[in-house]
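Colleague: sequence first, predicted coordinates after that:
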Amino acid sequence: MNADASTSSDARGETSIEGYYRWHARIYDATRWSFLFGRTGILHEVAKVPAPARILEVGCGTGKNLVTLGRLFPQAEITGIDLSETMLDVARRKAVPFGSRIQLLHGAYGATQTVDAGYDLILFSYALSMFNPGFEAAIETAHRDLVPGGHVAVVDFHDTPLSVFERWMGVNHVRMSGQLRPPLQARFEAREDRLEAAFGGVWRYLVFVGRKG
């Protein structure tokens, strides 16, 4: 595929994602707790790492995690980036009490103009499974953007034995074929690396915390 075609495809993907979340932004926090398992748990895992001075959340959505991170690490500078301007509108309202400590960026992670390097912690909470294509590049970019000794934290869909469920999740922009764990294991020293069952095994989700050597 040539560069122009790739850029056009990426633009269509971003438009599709924005359209999807335009309908979901208002009810996102009220509904996602019922199936995005491990989101609170990954923050408990993050709390165990050395206090980060600079934090980035990729796919920050409505800013729910950013607020928790702001309370967990009151001295940290926190950045959230997301493709959906509609979701970021919700996040901006939540970030007001934190003043300039929480910065929000609109764009695709990995674009050179969006974020600076030098983070101590990078969080992906149910984001990487929607990087299709692009999850490997996002993991590589996170490795680049972390300081030596910095940590990446990931919670996300892993796989399902039910092909009909996998196809349905694909309609919702999610790939769940176990694709995230191998590149994470290859690029980071695992501090936490486990799979958890959801709804009695309808699917499994990944919890991963790794250190950049």
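Modeller: Looks like it came in fine.

Colleague: any idea how far the residue nearest in space to the middle of the chain is from G200?
Modeller: Against the mean C-alpha coordinate of the chain, by CA atoms, centre = their mean, the closest residue is F124 at 2.5 Å. As for F124, its distance to G200 is 26 Å (criterion: CB to CB, to the nearest Å). From N, CA and C alone the C-beta is placed, and that goes for glycine too.

Colleague: do the same with R71
Modeller: From R71 to G200 the distance is 33 Å (CB to CB).

Colleague: of those two, which one has the most company?
Modeller: Higher neighbour count among R71 and G200: R71, with 10 against 6, using other CB atoms under 10 Å.

Colleague: tell me the contacts of that one?
Modeller: By CB atoms under 8 Å, 6 or more residues apart in numbering, R71 lies in contact with nothing.

Colleague: got it, and H151?
Modeller: Shown in contact with H151 (CB under 8 Å, 6+ apart): 46, 49, 52, 120-122, 191, 209-212.

Colleague: any of those buried? List them.
Modeller: By neighbour count, with 16 or more other CB atoms under 10 Å, the contacts of H151 hold 46, 49, 52, 120-122, 209-212 as buried.

Colleague: could I get the buried residue list for the top strand by length along the chain?
Modeller: What stands out as the longest strand in the chain, according to DSSP state E, is strand 146-159. Under the neighbour-count criterion of 16+ other CB under 10 Å, strand 146-159 has 146, 150-159 buried.

Colleague: and these as TSV, adding pLDDT?
Modeller: Shown next, in TSV, are the buried residues of strand 146-159 (pLDDT from 0 to 100):
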residue	pLDDT
L146	97
G150	98
H151	99
V152	99
A153	99
V154	99
V155	99
D156	99
F157	98
H158	99
D159	99
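
Colleague: related to what we said a few turns ago, ok, what's across the strand from the closest residue to the residue nearest to the centre of the chain other than its chain neighbours?
Modeller: Nearest residue to F124, sequence neighbours excluded (CB to CB, 6 or more residues apart in numbering): V154, at 4.7 Å. Residues in a beta bridge with V154, per DSSP bridges, are F124, F208.

Colleague: what does the one 5 residues further on give?
Modeller: The partner list for D159 in beta bridges (DSSP bridges) reads S177, R204.

Colleague: do I have it right that A137 meets Y109?
Modeller: No - contact status for A137 versus Y109: not in contact, 9.1 Å apart, counting by CB atoms under 8 Å.

Colleague: which one of the two has more residues nearby?
Modeller: Legend: neighbour count by other CB under 10 Å for A137 and Y109, higher for Y109 (25 against 13).

Colleague: distance check, I42 against V49.
Modeller: Separation of I42 from V49 (CB to CB) stands at 11 Å.
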